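Engineer: Next input, structure requested:
(chains A and B)
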Amino acid sequence: QKEVEQDPGPLSVPEGAIVSLNCTYSNSAFQYFMWYRQYSRKGPELLMYTYSSGNKEDGRFTAQVDKSSKYISLFIRDSQPSDSATYLCAMSLLGNRDDKIIFGKGTRLHILP
Amino acid sequence: GAVVSQHPSRVICKSGTSVKIECRSLDFQATTMFWYRQFPKQSLMLMATSNEGSKATYEQGVEKDKFLINHASLTLSTLTVTSAHPEDSSFYICSARSQRGPYQETQYFGPGTRLLVL
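Structural biologist: Numbering: from 1, shown residues only, chains lettered A, B, ... in the order given. A predicted model of the protein is given here:
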C-alpha cells in the first residue's frame, strides 16, 4: 500500500461548480498536511497547510483533514478556468528538519468555461 | 510569501556534457533544500536532501556521482548533472525549507528547470 494515494484524474467540471479533491494515507503518524497547485511546466505553489483535524478556509479554498479516517480533502468553491492545474496533496511528520514531505501523484483538474 | 528562484529555466545540451542548475532562496534563509525530478504527467520524485555545509543525502537509486549537489550557503544550492544523457532529460525542481513563519516545516518550490539532452 502506498503511503499517499491520490486519484490522478483528469477531473473536468464546469465553471462555477464546487470541486472536491481527495487523498488517503496509510501512516497515522502524519501530522502536517499541505495542498500544492502546479501549473503546466511550473514549480508547485503552496496553497494551504494545516496541522489539525477539521476545516481550514482561505478564500475560495477549504482544506479538510479527518485523521481518524486518514483522509484529506481540498474544496474549491466558485471554480474558475484559472484553477485548471494539477493539485498535489502532501504530508509529513513533525519535528525533524530532515523530515521528508510525501507527495501524492496529483490530480489534474480542468475547469470548463 | 517566500520566493525560490532557479536558473536556468531551460537548457538544451549535447550528450556527454555537464549541466549546472542553481537554486536560490531570495528572501529567506533555508537550512535545507530539496531536489526533485518530474517526468511528464508524473508526480515529484525526491532525488536528494541538501543541508547547508554538509553532504547531501541521496534517495535510493539516485547516483550521487552523476547528480552532484553543493549547498554552499543558506541561500544557494546547486545540482550538476554530469555527463548528461538523453534519459536524464526531465523537469528538475528545487525546494527550500524556511526557518521563519508560523510553520517552519513549510517547503517552497522553485519554478523548475527543463533539461533536454540531445
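
Engineer: how much space between residue B:60 and residue A:29?
Structural biologist: Distance, residue B:60 to residue A:29, by C-beta to C-beta, to the nearest Å: 21 Å. For every residue, glycine as well, the C-beta is placed using N, CA and C.

Engineer: Compare neighbour counts for those two and give me the winner.
Structural biologist: For residue B:60 versus residue A:29, the count of surrounding residues by other C-beta atoms under 10 Å in any protein chain shown is larger for residue A:29: 9 against 4.

Engineer: how about the nearest residue to the more buried one, chain neighbours excluded?
Structural biologist: With C-beta to C-beta, 6 or more residues apart in numbering or on different chains as the criterion, residue A:29 has its nearest non-adjacent residue at 5.6 Å, and that residue is residue A:93.

Engineer: I'd guessed the one you found sits against residue A:28; true?
Structural biologist: No - in this structure, residue A:93 sits apart from residue A:28 without contact. The criterion is C-beta atoms under 8 Å, and the distance is 10.7 Å.

Engineer: how about the strands in chain B?
Structural biologist: Secondary structure of chain B, counting by DSSP state E: strands at B:4-7, B:10-13, B:19-25, B:30-38, B:45-51, B:57-58, B:67-73, B:76-81, B:90-98, B:107-109, B:113-117.

Engineer: what's next to the shortest one, contact-wise?
Structural biologist: Yep, that's strand B:57-58 we're talking about. Contacts to strand B:57-58, defined as C-beta atoms under 8 Å, 6 or more residues apart in numbering or on different chains, come from residues A:98, B:47-51, B:64, B:67.

Engineer: Give me the PyMOL select line for these, limited to the buried ones.
Structural biologist: Burial among the contacts of strand B:57-58 is assessed by 16 or more other C-beta atoms under 10 Å in any protein chain shown; the matching PyMOL selection reads:
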select buried, chain B and resi 47+48+49+50+51+67
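
Engineer: how about the residues of chain A near chain B?
Structural biologist: Residues of chain A found near chain B, taking C-beta under 8 Å from any C-beta of the partner chain as the criterion, are A:8, A:32, A:34, A:36, A:41-46, A:49, A:51, A:88, A:92, A:94, A:97-101, A:103-106, A:108.

Engineer: Where does pLDDT dip in chain B?
Structural biologist: Applying pLDDT under 70 to chain B flags the ranges B:1, B:99-105.

Engineer: near chain A, which residues of it show up?
Structural biologist: Within chain B, the residues that sit near chain A (C-beta under 8 Å from any C-beta) are B:1, B:4, B:6, B:31-32, B:41-44, B:46, B:49, B:51, B:57, B:91, B:93, B:95, B:97, B:103, B:105-112, B:114.

Engineer: 6 Å - rerun?
Structural biologist: Applying C-beta under 6 Å from any C-beta of the partner chain, one finds that chain B approaches chain A through B:32, B:43-44, B:93, B:105, B:107, B:109-112.

Engineer: Residue B:86 and residue B:61, how far apart?
Structural biologist: According to C-beta to C-beta, residue B:86 and residue B:61 sit 19 Å apart.

Engineer: now residue A:99
Structural biologist: On the measure of C-beta to C-beta, residue A:99 and residue B:61 end up 20 Å apart.

Engineer: Who has more neighbours out of those two?
Structural biologist: Neighbour totals were compared for residue A:99 and residue B:61, and residue A:99 leads with 16 against 7 (other C-beta under 10 Å).
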